[in-house]
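J.: Provide a 3D model corresponding to the input given below.
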Amino acid sequence: MIALQGAPPLRPGRFHMPVHRDVIVIGGATGSVGALCRLLSPLPADFPAALLAALDTEPEDGIRDLVAHVASHTRLQVSYAAEGEDPMPGHLYLARSDVHLALSLNGKMTLRNGPRITDARPAADPLFETAAEAFGPRVICIVLSGEDHNGMDGMKAVHAARGICIAQSPSDAIVPTMPMNALLDEHIDHCVLLDAMPKLLMSLVGHASH
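T.: Got it, this is the predicted structure:
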């Protein structure tokens, strides 16, 4: 399994290759832990994209270890993001509490102790914006349940880079403000219920079902 760095190589005889979308960045706040678990549950272990999530949320009742909790709902590998690490397919990287997660121009993960952004830390904006800079149209960004305008600037950056923007339907978000603001900003390509999102992602990343 190789790290997701740089553009995929051109293949002989194929002059109009579609974009291979292999970097998925996820933002959310209150209600987003449960939403993330529902989103991940159907995804196969060989899912051919890396996922990175910045969730500004207090641990829900009974959750002492966020990585262990999320890992119990998915076949993907789950860990906290580490400074200088390359994102790998089939792996979910979670931002630690109170630290922003971003990507460097060479695609490596980096941790930032900067100020709160839209009253969030970790915030979705640094992750979305730097993913757009590093990976361009290969990025899929997802806005889950949460408050305020968290992730809106980053979503615009992904849209401008020809990435795909997805919002959880406000109708099944515990806190619908983030998805609703994403819709109002008119940079959303898909607004779907959580139960429909895994199938959409597998289609976008080109995963062949077995």
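J.: got the buried residues for stretch 156-166?
T.: For stretch 156-166, the neighbour count (16 or more other CB atoms under 10 Å) marks 156, 157, 158, 159, 161, 163, 164, 165, 166 as buried. (Glycine included, C-beta is placed from N, CA and C.)
J.: contact partners of it?
T.: Under the contact criterion CB atoms under 8 Å, 6 or more residues apart in numbering, stretch 156-166 has outside partners 19, 21, 25, 128-129, 131-133, 135-143, 155, 182, 185, 187-192, 197, 200, 204.
J.: with stretch 193-210 instead?
T.: 20-22, 24, 35, 38-44, 46-49, 140, 142, 164, 166, 168-169, 171-172, 190, 192.
J.: now do the contacts for residue 117.
T.: Listed by CB under 8 Å, 6+ apart, the contact set of residue 117 reads 100, 123, 125, 126, 150.
J.: could you give the bridge partners of it?
T.: residue 120 (DSSP bridges).
J.: now residue 27
T.: residue 54, residue 143.
J.: sorry, back to before: and the contacts of stretch 193-210, which of them are buried?
T.: Among the contacts of stretch 193-210, the ones that count as buried by 16+ other CB under 10 Å are 21-22, 24, 35, 38-40, 43, 47-49, 140, 142, 164, 166, 168-169, 172, 190, 192.
J.: assign the residue nearest the centre of the chain to helix, strand or coil.
T.: The residue lying closest to the centre of the chain (CA atoms, centre = their mean) is residue 25, at 2.0 Å. Following DSSP: H, G, I helix; E, B strand; the rest coil, we place residue 25 in the strand state.
J.: isn't it right up against residue 125?
T.: No: judged on CB atoms under 8 Å, residue 25 makes no contact with residue 125 at a distance of 10.5 Å.
J.: for residue 37, give me its contacts.
T.: Counted by CB under 8 Å, 6+ apart, residue 37 has contacts 69, 70, 73, 74.
J.: measure stretch 129-142 end to end?
T.: Its start and end residues considered, stretch 129-142 measures 13 Å (CA to CA, to the nearest Å).
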